[in-house]
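K.L.:
Any chance you could fold what I've pasted below:
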Amino acid sequence: MLQGFKDFIARGNVVDLAVGVVIGAAFGKVVTAFVEAVLNPLIGWIFGQPNLNNIWNIGPYTWDDDAKGVQAIQVGVVLTQLLNFVLTAAAIYFFIVLPLNALAARRKQGEEPEPAAPAEDILLLQEIRDLLAARPNAAVANDTGGPTAPPTIPPTTPPVPPS
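P.N.:
Numbers count the residues shown, from 1 in each chain. Below you'll find the predicted structure:
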């Protein structure tokens, strides 16, 4: 039972996934700090709000209703989290995935590609060729004597028109 668990953990995909989750969680905090320290002040400067949370609300809601507990659909909160997600995904892609892909391509560049296996129909044709070559009279299948023998079918003469 423990051997199966060891084999499962030792697979490359599981280890890669674990590393990706840990790096993603750590990098998410960096992106969140970037959004809160850099982008939110820019948003505050543009929209007059400290972040996107109260930029777009749907429902009977005014800015002073927040203290009264009035419920509204807060699209701005979703926009803030969407911005965090897009920035996290872009940063992970450009700083982790692209360099790893370039490294894998450089490693693979030195290897020679394996020759492709011939198709099944090619293998069958080669087998037929070998069987025909092994026959005692391998020139043709109906034993006509080969390519140098005279034809077995007499040549036809064109009909003569009646006079």
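K.L.:
Tell me where the protein has strands.
P.N.:
Using DSSP state E, the strands of the chain run over 57-58, 73-74.
K.L.:
and the longest helix for the chain?
P.N.:
Determined from DSSP state H, the single longest helix within the chain is helix 12-34.
K.L.:
Going by neighbour count, which residues in it are buried?
P.N.:
27-28, 31 (16 or more other CB atoms under 10 Å). In this view, the C-beta of every residue, glycine as well, is placed from N, C-alpha and C.
K.L.:
List just the nearest of these to Ile55.
P.N.:
Among the buried residues of helix 12-34, Val31 lies closest to Ile55 (CB to CB), at 19.6 Å.
K.L.:
Which residue lies nearest the spatial centre of this protein?
P.N.:
With distances taken as CA atoms, centre = their mean, Asn101 lies nearest the centre of the chain, 12.3 Å away.
K.L.:
Quickly note the distance from that one to Gln74.
P.N.:
Asn101 is 38 Å from Gln74, where distance means CB to CB, to the nearest Å.
K.L.:
just Phe47 next, same as before
P.N.:
In terms of CB to CB, Phe47 sits 15 Å off from Gln74.
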